[in-house]
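Student: please work out how this folds:
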Amino acid sequence: MGGVSTERLEEILSFYGINESETKARQLARYLEAVEEKRDWAGLVSKGLGLRPEAAVSESVAAAAELGNAAVASVADIGAGGGLLGLVIAIVWPGAAVTMVESSTRKAAFLLEAKGALGLEKVSVINKRAEALAGSQAFEAVVSRAAGRLADLAPVALALVESGGRYLALKSSEPQGEIDEAGEAIRASGGKVIDVLSVDYPPSISFESGASLVILQKL
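Tutor: Below is the predicted model:
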(Lines give C-alpha, C1' and ligand atoms only; values in the text may rest on other atoms or scores of the structure.)
Protein backbone atom coordinates (compact mmCIF):
# COMPACT_ATOMS: atom_id res chain seq x y z
CA MET A 1 0.00 0.00 0.00
CA GLY A 2 1.34 3.40 -0.90
CA GLY A 3 1.96 5.69 2.06
CA VAL A 4 -0.09 8.81 2.71
CA SER A 5 1.74 11.63 4.44
CA THR A 6 0.36 13.32 7.53
CA GLU A 7 0.21 16.56 5.55
CA ARG A 8 -1.98 14.96 2.88
CA LEU A 9 -4.24 13.45 5.53
CA GLU A 10 -4.61 16.85 7.18
CA GLU A 11 -5.53 18.30 3.79
CA ILE A 12 -8.21 15.63 3.34
CA LEU A 13 -9.68 16.26 6.79
CA SER A 14 -9.71 20.02 6.27
CA PHE A 15 -11.45 19.62 2.90
CA TYR A 16 -14.38 17.91 4.65
CA GLY A 17 -14.52 20.53 7.40
CA ILE A 18 -13.16 18.32 10.18
CA ASN A 19 -11.79 20.27 13.13
CA GLU A 20 -8.54 19.44 14.97
CA SER A 21 -7.30 18.16 11.62
CA GLU A 22 -3.62 18.08 12.59
CA THR A 23 -4.16 15.78 15.59
CA LYS A 24 -6.57 13.55 13.71
CA ALA A 25 -4.23 13.36 10.71
CA ARG A 26 -1.52 11.96 12.96
CA GLN A 27 -3.95 9.33 14.25
CA LEU A 28 -4.95 8.40 10.70
CA ALA A 29 -1.29 8.05 9.75
CA ARG A 30 -0.71 5.71 12.69
CA TYR A 31 -3.75 3.68 11.67
CA LEU A 32 -2.50 3.31 8.09
CA GLU A 33 0.92 2.26 9.40
CA ALA A 34 -0.76 -0.40 11.54
CA VAL A 35 -2.67 -1.69 8.50
CA GLU A 36 0.57 -1.90 6.54
CA GLU A 37 2.28 -3.80 9.37
CA LYS A 38 -0.51 -6.40 9.78
CA ARG A 39 -1.90 -6.60 6.25
CA ASP A 40 -0.49 -10.03 5.41
CA TRP A 41 -1.30 -11.56 8.80
CA ALA A 42 -4.94 -10.47 8.80
CA GLY A 43 -5.58 -9.87 5.08
CA LEU A 44 -6.47 -6.26 5.77
CA VAL A 45 -5.82 -4.33 2.59
CA SER A 46 -8.73 -3.88 0.26
CA LYS A 47 -8.13 -3.23 -3.42
CA GLY A 48 -9.25 0.36 -2.93
CA LEU A 49 -6.89 1.13 -0.09
CA GLY A 50 -4.04 -0.70 -1.74
CA LEU A 51 -4.27 1.07 -5.12
CA ARG A 52 -5.81 4.45 -4.26
CA PRO A 53 -5.21 5.11 -0.57
CA GLU A 54 -5.85 8.87 -0.61
CA ALA A 55 -9.19 8.45 -2.38
CA ALA A 56 -10.16 5.54 -0.11
CA VAL A 57 -9.44 7.55 3.03
CA SER A 58 -11.30 10.54 1.54
CA GLU A 59 -14.40 8.40 1.00
CA SER A 60 -14.41 7.25 4.61
CA VAL A 61 -13.89 10.79 5.89
CA ALA A 62 -16.77 11.94 3.67
CA ALA A 63 -19.01 9.32 5.30
CA ALA A 64 -17.82 10.41 8.74
CA ALA A 65 -18.60 14.04 7.88
CA GLU A 66 -22.14 13.06 6.85
CA LEU A 67 -22.66 11.32 10.20
CA GLY A 68 -21.27 14.34 12.00
CA ASN A 69 -23.71 16.61 10.20
CA ALA A 70 -26.52 14.40 11.50
CA ALA A 71 -25.08 14.51 15.07
CA VAL A 72 -25.09 10.72 15.29
CA ALA A 73 -23.92 9.43 18.70
CA SER A 74 -23.86 5.65 18.16
CA VAL A 75 -22.63 3.88 15.02
CA ALA A 76 -22.13 0.25 14.02
CA ASP A 77 -19.81 -0.70 11.17
CA ILE A 78 -20.92 -4.08 9.83
CA GLY A 79 -18.38 -6.24 8.03
CA ALA A 80 -15.81 -3.83 9.45
CA GLY A 81 -12.78 -5.59 7.97
CA GLY A 82 -9.64 -3.65 8.82
CA GLY A 83 -11.56 -0.60 10.02
CA LEU A 84 -11.17 1.62 6.97
CA LEU A 85 -14.64 3.02 7.59
CA GLY A 86 -15.36 2.48 11.28
CA LEU A 87 -11.98 3.42 12.72
CA VAL A 88 -11.82 6.48 10.49
CA ILE A 89 -15.23 7.53 11.84
CA ALA A 90 -13.98 6.98 15.40
CA ILE A 91 -10.91 9.13 14.74
CA VAL A 92 -12.90 11.90 13.10
CA TRP A 93 -15.67 11.88 15.75
CA PRO A 94 -14.08 10.64 19.02
CA GLY A 95 -17.25 11.46 20.94
CA ALA A 96 -19.32 8.90 19.02
CA ALA A 97 -19.65 5.33 20.30
CA VAL A 98 -18.48 3.17 17.37
CA THR A 99 -19.10 -0.58 17.35
CA MET A 100 -17.06 -2.62 14.89
CA VAL A 101 -18.79 -5.86 13.88
CA GLU A 102 -16.43 -8.33 12.18
CA SER A 103 -16.75 -12.11 11.87
CA SER A 104 -13.07 -12.76 11.06
CA THR A 105 -11.18 -13.50 14.27
CA ARG A 106 -7.90 -12.11 12.94
CA LYS A 107 -9.45 -8.92 11.67
CA ALA A 108 -11.33 -8.46 14.96
CA ALA A 109 -8.03 -8.94 16.82
CA PHE A 110 -6.44 -6.25 14.67
CA LEU A 111 -9.33 -3.87 15.36
CA LEU A 112 -8.90 -4.37 19.10
CA GLU A 113 -5.17 -3.77 18.82
CA ALA A 114 -5.70 -0.63 16.74
CA LYS A 115 -8.31 0.66 19.18
CA GLY A 116 -5.80 0.43 22.02
CA ALA A 117 -2.88 1.84 20.05
CA LEU A 118 -4.92 4.85 18.89
CA GLY A 119 -6.53 5.49 22.27
CA LEU A 120 -10.07 5.19 20.91
CA GLU A 121 -11.89 4.63 24.18
CA LYS A 122 -15.42 4.67 22.74
CA VAL A 123 -14.75 1.95 20.15
CA SER A 124 -15.93 -1.60 20.80
CA VAL A 125 -15.32 -4.70 18.71
CA ILE A 126 -17.74 -7.61 18.33
CA ASN A 127 -16.33 -10.76 16.73
CA LYS A 128 -19.61 -12.01 15.26
CA ARG A 129 -21.66 -11.83 12.12
CA ALA A 130 -23.89 -8.77 12.11
CA GLU A 131 -26.99 -10.96 11.77
CA ALA A 132 -26.33 -12.31 15.27
CA LEU A 133 -26.95 -8.88 16.84
CA ALA A 134 -30.48 -8.39 15.54
CA GLY A 135 -32.91 -7.91 18.41
CA SER A 136 -30.20 -7.37 21.01
CA GLN A 137 -28.60 -4.09 19.96
CA ALA A 138 -29.72 -0.96 18.12
CA PHE A 139 -27.79 2.06 16.87
CA GLU A 140 -28.56 5.53 15.60
CA ALA A 141 -26.66 4.68 12.43
CA VAL A 142 -25.16 1.65 10.72
CA VAL A 143 -22.48 1.91 8.04
CA SER A 144 -20.80 -0.45 5.62
CA ARG A 145 -18.08 -0.36 3.01
CA ALA A 146 -17.34 -3.10 0.46
CA ALA A 147 -19.26 -5.60 2.56
CA GLY A 148 -21.61 -6.97 -0.12
CA ARG A 149 -24.62 -6.18 -2.27
CA LEU A 150 -27.17 -3.71 -0.96
CA ALA A 151 -29.97 -6.28 -1.36
CA ASP A 152 -28.17 -8.52 1.13
CA LEU A 153 -26.86 -5.82 3.45
CA ALA A 154 -29.91 -3.60 3.83
CA PRO A 155 -32.04 -6.12 5.81
CA VAL A 156 -29.11 -6.86 8.13
CA ALA A 157 -28.27 -3.20 8.65
CA LEU A 158 -31.84 -1.99 9.10
CA ALA A 159 -32.43 -4.67 11.75
CA LEU A 160 -29.77 -2.90 13.82
CA VAL A 161 -30.97 0.68 13.24
CA GLU A 162 -33.19 2.51 15.70
CA SER A 163 -36.51 3.81 14.40
CA GLY A 164 -35.76 7.03 12.55
CA GLY A 165 -32.07 6.13 12.31
CA ARG A 166 -29.97 5.72 9.19
CA TYR A 167 -27.95 3.20 7.25
CA LEU A 168 -25.11 4.64 5.16
CA ALA A 169 -23.66 2.36 2.50
CA LEU A 170 -20.49 3.46 0.73
CA LYS A 171 -20.94 2.24 -2.83
CA SER A 172 -19.67 2.81 -6.36
CA SER A 173 -20.22 6.03 -8.26
CA GLU A 174 -23.20 4.50 -10.06
CA PRO A 175 -25.24 2.62 -7.42
CA GLN A 176 -28.68 2.85 -9.02
CA GLY A 177 -28.62 -0.74 -10.24
CA GLU A 178 -27.99 -2.01 -6.72
CA ILE A 179 -30.64 0.31 -5.31
CA ASP A 180 -33.24 -0.99 -7.77
CA GLU A 181 -32.24 -4.58 -7.04
CA ALA A 182 -32.57 -3.97 -3.30
CA GLY A 183 -35.89 -2.11 -3.44
CA GLU A 184 -38.12 -4.92 -2.22
CA ALA A 185 -35.67 -5.98 0.50
CA ILE A 186 -35.42 -2.39 1.75
CA ARG A 187 -39.19 -1.94 1.91
CA ALA A 188 -39.68 -5.32 3.61
CA SER A 189 -37.11 -4.31 6.24
CA GLY A 190 -38.93 -1.10 7.08
CA GLY A 191 -36.60 1.26 5.29
CA LYS A 192 -36.51 3.71 2.42
CA VAL A 193 -33.79 5.40 0.39
CA ILE A 194 -33.71 9.07 1.36
CA ASP A 195 -30.60 10.25 -0.47
CA VAL A 196 -27.77 9.27 -2.79
CA LEU A 197 -24.74 11.53 -2.51
CA SER A 198 -21.75 11.59 -4.82
CA VAL A 199 -18.52 11.78 -2.84
CA ASP A 200 -16.55 14.96 -3.50
CA TYR A 201 -12.76 14.70 -3.34
CA PRO A 202 -10.05 17.23 -2.56
CA PRO A 203 -8.90 18.83 -5.86
CA SER A 204 -5.41 17.39 -5.52
CA ILE A 205 -6.63 13.77 -5.53
CA SER A 206 -6.82 11.99 -8.88
CA PHE A 207 -8.78 8.78 -9.33
CA GLU A 208 -10.29 6.67 -12.08
CA SER A 209 -13.71 6.13 -10.50
CA GLY A 210 -15.56 7.75 -7.63
CA ALA A 211 -17.91 6.61 -4.92
CA SER A 212 -21.33 7.45 -3.54
CA LEU A 213 -23.14 7.33 -0.23
CA VAL A 214 -26.51 5.58 -0.33
CA ILE A 215 -28.51 6.69 2.70
CA LEU A 216 -31.47 4.69 3.99
CA GLN A 217 -33.79 5.61 6.85
CA LYS A 218 -35.50 3.16 9.20
CA LEU A 219 -39.18 4.06 9.33
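Student: what about the lengthiest strand in the chain, distance to the chain center?
Tutor: Across the chain, the longest stretch assigned as strand under DSSP state E is strand 161-172. Distance of strand 161-172 from the chain centroid (CA atoms, centre = their mean, to the nearest Å) equals 11 Å.
Student: Provide the strand pairings for it, with the direction of each partner.
Tutor: When sheet partners are counted by DSSP bridges, strand 161-172 sits next to strand 139-145 (parallel), strand 211-218 (antiparallel).
Student: got CSV for those, with mean neighbour count too?
Tutor: Just so you know, the C-beta spots here come from the backbone N, C-alpha and C atoms, and that holds for glycine as well. Below are the strands paired with strand 161-172 laid out as CSV (neighbours: other CB atoms under 10 Å):
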stretch, mean neighbour count
strand 139-145, 26
strand 211-218, 22
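Student: which one of those strands lies closest to Glu174?
Tutor: strand 211-218 (7.7 Å; CB to CB).
Student: show residues contacting that closest one.
Tutor: 55, 59, 62-63, 66, 150, 154, 157-158, 161-175, 178-179, 186, 190-199 (CB atoms under 8 Å, 6 or more residues apart in numbering).
Student: hmm, back to that, save the strands paired with strand 161-172 as TSV, and put in distance to Ala73 and mean pLDDT too.
Tutor: Output for those, formatted as TSV (distance: least, CB to CB, whole Å; pLDDT from 0 to 100):
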stretch	distance to Ala73	mean pLDDT
strand 139-145	6	97
strand 211-218	16	97
